[in-house]
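Chemist: Just need the structure, nothing else, for what follows:
(chains A, B and C)
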Amino acid sequence: MSKERKILDSDAVKRAMTRIAHEVVERNKGVESVVLVGIRKGGEPMARRLAQLLTEIEGRPVPRGFMDVTMYRDDIFHQKTHPKVHKTEIDFDIEGKVVVLVDDVLFTGRTIRAAMDALMDFGRPRSIQLAVLVDRGHRELPIRADFVGRNLPTARGDRVKVKFGEGAEEDQVVLIEAEENAAEPAGNEGGK
Amino acid sequence: MKTLIKGGRLVDPGQGLDEPRDVLMDKGKIEALLDPGGKVSTGVRTVDAKDCLVVPGLIDMHVHLREPGQEYKETIASGAAAAAAGGFTAVACMANTKPCNDSAAVTDYILERAKAAKQVFVYPIGAATPGLSGEGMAEIADLKEHGCVAISDDGRPIMNAELARRLLEYCKGFDIPVVSHPEDLNLSAGGAMHEGYISTQLGLPGIPAEAEEVMVARDILLAELTGGRLHLAHVSTAGSVRLVREAKSRGAAVTCETAPHYFTLTQEAVRDLEYHTSTKMNPPLRTQEDREAIIQGLRDGTIDAIASDHAPHSPVEKDVEFILAMNGIVGLETSLGLALKLVHEGWLSFSQLVERMSVAPARILGIPGGTLRPGSPAHVTVIDPAREWTVDVAQFKSKSRNSPFQGWKLRGRAVQVWVEGKKIV
Amino acid sequence: MALLVKHMLGLEQVEREDIETILDTAASLQEISYRPVKKVPTLRGKTQVNLFFEPSTRTRTSFEIAGKRLSADVVNFTASASSLSKGETLADTARNLWAMRPDILVVRHSAAGAPHLLAKLLDTPIINAGDGAHEHPTQALLDMFTVREKKRKLSGLKVVIAGDIAHSRVARSNIYGFSKMGAEVWVVGPPTLIPPGIERMGARVSYRLEEAIPDADVIMMLRIQLERGAGSLFPSLREYAIRFGLNPARMRLCKPDVLVMHPGPINRGVEISPEVADGPYSVILDQVEAGVAVRMALLYLLCAGAEHEDTDQGRT
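Modeler: Got it, this is the predicted structure:
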């Protein structure tokens, strides 16, 4: 049996998110030109949460959109079953904006690479920043996050599950450790 | 040297025999039918036929041998070898060669090639009209004189009813049957399979059963009008069986044949084999009701004969879009196996099978064979009815491979074929 | 997420589950066509061959655009430009093309079953872009997509297909598709244009438009082949237009939210009057737009599916 360990509980997630929100405001001296793009699916609830926090802090709405990067992935033809394609919804102009990409877990960096490529097809942002709740290491590309909720050392075969609770549900981050001899490859879409 | 086929079960409906007998052959003829277990005199070669049926040599009265003209599909030699392998001792070949058999010269050529092949007997069927044009009459008396046993434009119907009438009349004078290819070309025009639910589903133009039945009815009426001898080729529908049954009950001089695919397969094969062109033939595979009516017709004698309509085609004609593919399948090497299926399933007796595949064809065409009565030619087929085998087109003696029965497991096949007392298989 | 089928030869063999996957994927991909850069790199390095043995501008163009939006290298091979006229068989042509290593073939042919022949011969995924009077699955998929976008459902709808049902691959694919999705399909036309046994495919038959259209949610008018007008199937285009054409008078019998569809190209004034084709009920141009998204979805799902068996390792 693989072992599950809770890394962040609801309060810890809230604190991390609040800190990220303040860092975004601080770095960009407000949110005037900031837009958020959550990477589907994991980055979607986090982007909603972050947009809400930024609005509360700055007192003005922050545009947010969602992006599916499936069609930009470099592993479509290496998967046993290829991933479901979700809708991309960016109904604002990103030209000249600071785009904060939002994802729950940063792992190999390949998803972020795909997301940056996709973003470029929507226009030319002034800059792209990256916000993640968990950075679990094992990068395969030269990518790093600008805003990190928690740095978490993991083994390659581990899995990190992030849950942003809805309503009365608890937020939490759980680490599922790989079994001793499991030579399981480092997951696919969900296994970040 | 005399030969004794020993230990078999003799089935010879002409003599009303279905019992263990040994068959003694000498000088190309049947010398005697002996009670089993008798002492074999010296100087007699014995051949074992234990657990086998010994029957009058099978006759396929409707084949296409393609020579002259389309030797890449089949030659008289390869077709005759395929016939022998399938258990036949004689075949009748249709006239649609290139040039077609509308002259004594072509008839002579066919007979010459058949003789050289030293296999089964080949009986040419002469063209009814010059160049199979459907207009005017071929030199029928001359064709008969040179060895044609019937006349037919098979592959094409005689659409002109007046000409069809005159052919039946003229042939009456020479006691030669007219073999009709019953199809109304206007009703079948452009069709690629049976018209019905499956053709709708597959988006293929259909040929209604009535395209056949209209002509069966017309030809029966003309045969009754003229008193000529009509033989209907490859009957495939319940309606045709009904029309022939009624005609026979009136005493009309009508005979007919069907082919194994019509009592074995149905239109669904075109769909199930995904447009495989080995399911394309003319007439097309019909419905289950038609198939059952064909079997019933074979059972009650409405259908006189089983003939394969052996129609070899090369990949050039068959490895193409369904609508463009030529009609027909090879049948000589699967005909007996498929007919035996009817016996194993209880539809026909062995005696009826021999009647349909030997006795009736000999009678309709007026050719030797169809019996093992002492004094008749020693054309004998020995059938092991229990022998299981798998159809493998790669093993066919025929030059062509266009069979929908590839891979089928069949029970029963010919194990010896004797033509004039000589063993050719 | 892979399809159950390896080829898209027709909707007859396709499960409802696959239809839903294709329509859902198309819905996600439609947005790409609205971007400043209308292209994603998904099929980069893949070769799509459009093998068209029958003239077709719009279907071929739609497939070409779909492939290009996915970054596939799209090659068009049309019969007029090919060696077919020199007596080469379809099988020969196919083997020749295959030797050039395409990753997916889109086939249009006037002979029913031609894509099936290719599927037997080749190891490449094949999309049937219309074979004779048999099937035209991508047309039916885009029709279902269009209706689903407008009505938010397919189940329970009444779909009337009117015209030359006998010779229509669009009708056949739509009968299968809409029936599988729970819609009720009617076919309407003169008896000579209704093929035998069509009821067994799941369609109700009527010989009168007035009988079928009043409670219809969707009316799909089929193109009448002008050359059939002179044949023995119906007397004249004039009589056809009067009896079976969709015109404003007949539209007044319909529900206010009815959708009018046509696979194109339209014979204005024959099966559909200009007022109706350009009117508020018409979703004809939505159909064309949906065509690109649906074909993108199929190309993606079939192309990506092609290598499943060779691959055993997934990584992020």
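Chemist: For the residue of the stretch 201-316 of chain C found nearest chain B, which non-adjacent residue is closest in space?
Modeler: At 6.3 Å from chain B, C:M201 is the closest residue in the stretch 201-316 of chain C, using C-beta to the nearest C-beta. Backbone N, C-alpha and C define where each C-beta goes, glycine included. Distances taken as C-beta to C-beta, 6 or more residues apart in numbering or on different chains place C:I175 nearest to C:M201, at 5.0 Å, with adjacent residues excluded.
Chemist: Checking the one you found next. Helix, strand or coil?
Modeler: helix (DSSP: H, G, I helix; E, B strand; the rest coil).
Chemist: go on, the one 10 residues further on?
Modeler: With three-state DSSP as the basis, the three-state label of C:V185 is strand.
Chemist: Now do the contacts for it.
Modeler: By C-beta atoms under 8 Å, 6 or more residues apart in numbering or on different chains, the contact set of C:V185 is C:159-161, C:174-175, C:178-179, C:202-204.
Chemist: what's the offset of the lowest-mean-pLDDT helix or strand in chain B from the middle of its chain?
Modeler: Within chain B, judged by mean pLDDT, DSSP states H and E, the helix or strand with the poorest mean is helix B:315-318; its value is a mean of 89. From the chain centre to the centre of helix B:315-318 is a distance of 23 Å (C-alpha atoms, centre = their mean, to the nearest Å).
Chemist: Could you list the buried residues of the helix or strand just after it?
Modeler: Going down the chain from helix B:315-318, the next helix or strand is helix B:335-344, by DSSP states H and E. For helix B:335-344, a neighbour-count test (16 or more other C-beta atoms under 10 Å in any protein chain shown) marks B:335-343 as buried.
Chemist: Return the list of helices and strands in contact with the following helix or strand past helix B:335-344.
Modeler: Next helix or strand after helix B:335-344 toward the C-terminus (DSSP H and E): helix B:350-354. Packed against helix B:350-354 by the contact rule (3 or more C-beta pairs under 8 Å, 6 or more residues apart in numbering or on different chains; DSSP states H and E) you find strand B:9-12, strand B:53-56, helix B:335-344.
Chemist: Please list the residues outside stretch B:204-214 that contact it.
Modeler: Residues from elsewhere that reach stretch B:204-214, judged by C-beta under 8 Å, 6+ apart: B:182-184, B:187-188, B:190-196, B:199-200, B:235-240, B:243, B:270, B:282-284, B:286, B:290, B:322-323, C:112-113, C:132-134, C:195-196.
Chemist: Mark which of the residues you listed are part of helices, please.
Modeler: B:187-188, B:199-200, B:238-240, B:243, B:270, B:290 (DSSP state H).
Chemist: which of these lies closest to chain C?
Modeler: Of all those, chain C sits closest to B:T200, with 4.0 Å by C-beta to the nearest C-beta.
Chemist: Where does the prediction get shaky in the chain?
Modeler: Defaulting to chain A. Where chain A drops to pLDDT under 70, the residues are A:1, A:79-81, A:180-192.
Chemist: Let me rephrase: I mean chain C.
Modeler: Applying pLDDT under 70 to chain C flags residues C:1, C:80-87, C:227-230, C:304-316.
Chemist: Please go through it and pick out the longest helix.
Modeler: When chain C is parsed with DSSP H, its longest helix is helix C:284-305.
Chemist: So which bits of stretch A:53-67 are buried?
Modeler: Within stretch A:53-67, the residues that qualify as buried are A:53-54, A:57-58, A:62-67, counting by 16+ other C-beta under 10 Å.
Chemist: Kindly reformat these as TSV containing distance to B:D18.
Modeler: Formatted as TSV, the buried residues of stretch A:53-67 follow (distance: C-beta to C-beta, whole Å):
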residue	distance to B:D18
A:L53	98
A:L54	99
A:I57	104
A:E58	105
A:V62	98
A:P63	95
A:R64	91
A:G65	88
A:F66	84
A:M67	84
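Chemist: Quick check: the farthest pair among these?
Modeler: A:I57 and A:M67 (23.8 Å; C-beta to C-beta).
Chemist: What are the phi and psi values at the residue lying closest to C:P274 once chain neighbours are set aside?
Modeler: Take C:P274 and drop its neighbours on the chain: the residue closest to it by C-beta to C-beta, 6+ apart is C:R268, 5.0 Å away. Torsion angles at C:R268 (phi, psi; degrees, to the nearest 10) stand at phi -60, psi 130.
Chemist: ok, back up a step: the residue of the stretch 201-316 of chain C closest to chain B touches B:T200, doesn't it?
Modeler: Yes. C:M201 is within contact range of B:T200, at 7.0 Å (criterion: C-beta atoms under 8 Å).
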